[in-house]
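>>> I would like the atomic coordinates for the input below:
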Amino acid sequence: VNKFTTKFQYAGYDYAEETTHGLLMPSKSDEKFAVMLKKLNESKVRVKACNSFMPGSLRSVGKDANHEGVLNRADTVFKRAKLAGVEGIVFGSSGSRRLKEGDKREDAEKQFVELLKKMAPLAHAQGVEIWLEPLNRKEDNFINTQVEGAAIIEKVNHPALGMVCDIFHVARNEEPPEDIMKTVNFVRHCHIAEKKKRSAPGTEQYDFTPYLKALHKAKYSGSVSMECGWDNLDTRPASALKYLKNQVASMKSK
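Sure thing, here's the model as predicted:
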């Protein structure tokens with residue numbers, strides 16, 4: 001929690017999304033986390049989600065998979081998330097899960113499902129959820145689309161496991177908005193950023209309405225975070241929020 005996060009609070013945002021390593025500090029001591037937790041409580045900023053869950057050094061799949069290390073970190077993350085009031089941990093982490101040369105996709109999927117079956121109860125015990133995030137094909141070569149993410153979640157079949165619909169990744173993959181509607185029952189959280197440069201909404205006037213319509217038609221009522229780059233933290237947060245609200249309003253009026 002820093003001066004940048006509080007700028008969004010004053011711009012009218014309902015909550016923040018932080019990084020796991022920045023807020024929950026799983027590689028740091030309980031004492032250092034306690035200092036961070038005190039800052040969070042004093043700031044009165046609500047942090048709903050944390051991303052950047054696993055570092056690339058902790059592999060989830062492949063010949064060098066380290067499930068013991070992944071689960072140990074996850075357990076610390078979930079316990080601290082509960083203390084911080086964080087509802088969901090976003091599991092993108094392409095460095096941890098992307099396939100290396102020689103890795104077979106079928107084997108990796110079995111490994112990943114097995115890992116999530118062990119991880120989900122740890123989250124559930126703390127009242128926290130894991131939100132699996134499909135990533136675009138330039139960033140990941142394992143779980144890319146909403147349909148692929150939903151298939152993994154169905155195999156794990158645990159209430160603590162849901163999915164992120166990241167409109168930036170969906171757009172980069174050129175997934176049809178209809179796929180959002182097909183898989184929305186698994187979606188617990190959304191990310192949004194403009195397609196070209198992952199910029200904040202309104203920076204290049206990107207039209208999100210096809211995806212917003214799909215979410216609306218599917219009766220999605222969950223949260224949306226702007227996970228993007230910011231060109232001006234003094235003015236862009238307010239203008240990005242206004243732009244997105246205007247897009248929602250125009251979509252509903254059509």
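>>> switch to C-alpha atoms for all contacts and neighbour counts from now on
Fine.
>>> how about the helices of the stretch 101-250 of the chain, start to end?
105-125, 146-156, 167-173, 177-183, 209-217, 236-253 (DSSP state H, counting those that start in this stretch).
>>> Just the C-alphas of the third one, formatted as CSV.
Extracted C-alpha coordinates of helix 167-173, given in CSV (Å, rounded to 0.1, in the frame of the first residue of the first chain):
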residue,chain,number,x,y,z
ILE,A,167,-10.4,-8.5,-21.3
PHE,A,168,-6.9,-7.6,-22.4
HIS,A,169,-5.9,-11.2,-22.8
VAL,A,170,-9.3,-12.1,-24.4
ALA,A,171,-8.8,-9.3,-26.9
ARG,A,172,-5.2,-10.2,-27.6
ASN,A,173,-6.2,-13.8,-28.3
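>>> For it, give me every contacting residue.
Outside helix 167-173, the residues within contact range by C-alpha atoms under 8 Å, 6 or more residues apart in numbering are 134-137, 144-146, 190-195, 198, 211.
>>> hmm, back to that, could you dump the helices of the stretch 101-250 of the chain to CSV with distance to Leu23, mean pLDDT and mean neighbour count?
Listed next are the helices of the stretch 101-250 of the chain as CSV, based on distance: least, C-alpha to C-alpha, whole Å; pLDDT from 0 to 100; neighbours: other C-alpha atoms under 10 Å:
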stretch, distance to Leu23, mean pLDDT, mean neighbour count
helix 105-125, 17, 98, 18
helix 146-156, 26, 98, 19
helix 167-173, 24, 98, 21
helix 177-183, 30, 97, 18
helix 209-217, 30, 96, 18
helix 236-253, 21, 92, 16
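>>> now these as a markdown table including distance to Ser94?
Listed next are the helices of the stretch 101-250 of the chain as a markdown table, based on distance: least, C-alpha to C-alpha, whole Å:
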| stretch | distance to Ser94 |
| --- | --- |
| helix 105-125 | 13 |
| helix 146-156 | 13 |
| helix 167-173 | 13 |
| helix 177-183 | 21 |
| helix 209-217 | 24 |
| helix 236-253 | 27 |
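>>> And the ones you listed: which comes nearest Lys48?
helix 105-125 (14.8 Å; C-alpha to C-alpha).
>>> How far off centre is that closest one?
Once both centres are worked out by C-alpha atoms, centre = their mean, to the nearest Å, helix 105-125 turns out to sit 17 Å from its chain's centre.
>>> same check, this time on stretch 140-154
Going by C-alpha atoms, centre = their mean, the spacing between the C-alpha centre of stretch 140-154 and its chain's C-alpha centre is 14 Å.
>>> now do stretch 174-189
A distance of 15 Å separates the C-alpha centroid of stretch 174-189 from that of its chain, computed with C-alpha atoms, centre = their mean.
>>> Could you list the residues in contact with it?
The set of residues external to stretch 174-189 that reach it, using C-alpha under 8 Å, 6+ apart, is 131, 145-147, 150, 153, 162-165, 210-211, 214-215, 217-218, 220, 222-225.
>>> give me that answer again for 6 Å
Gly162, Met163, Val164, Tyr211, Ala214, Ala218, Gly222, Ser223 (C-alpha atoms under 6 Å, 6 or more residues apart in numbering).
>>> which ones are touching the fifth one?
Spelled out, that is Ala214. Taking C-alpha under 6 Å, 6+ apart, we find Ala214 in contact with Pro177, Met181.
>>> mind running it again at 10 Å?
Taking C-alpha atoms under 10 Å, 6 or more residues apart in numbering as the contact definition, Ala214 lies against Pro176, Pro177, Glu178, Asp179, Ile180, Met181, Lys182, Val184, Tyr220.
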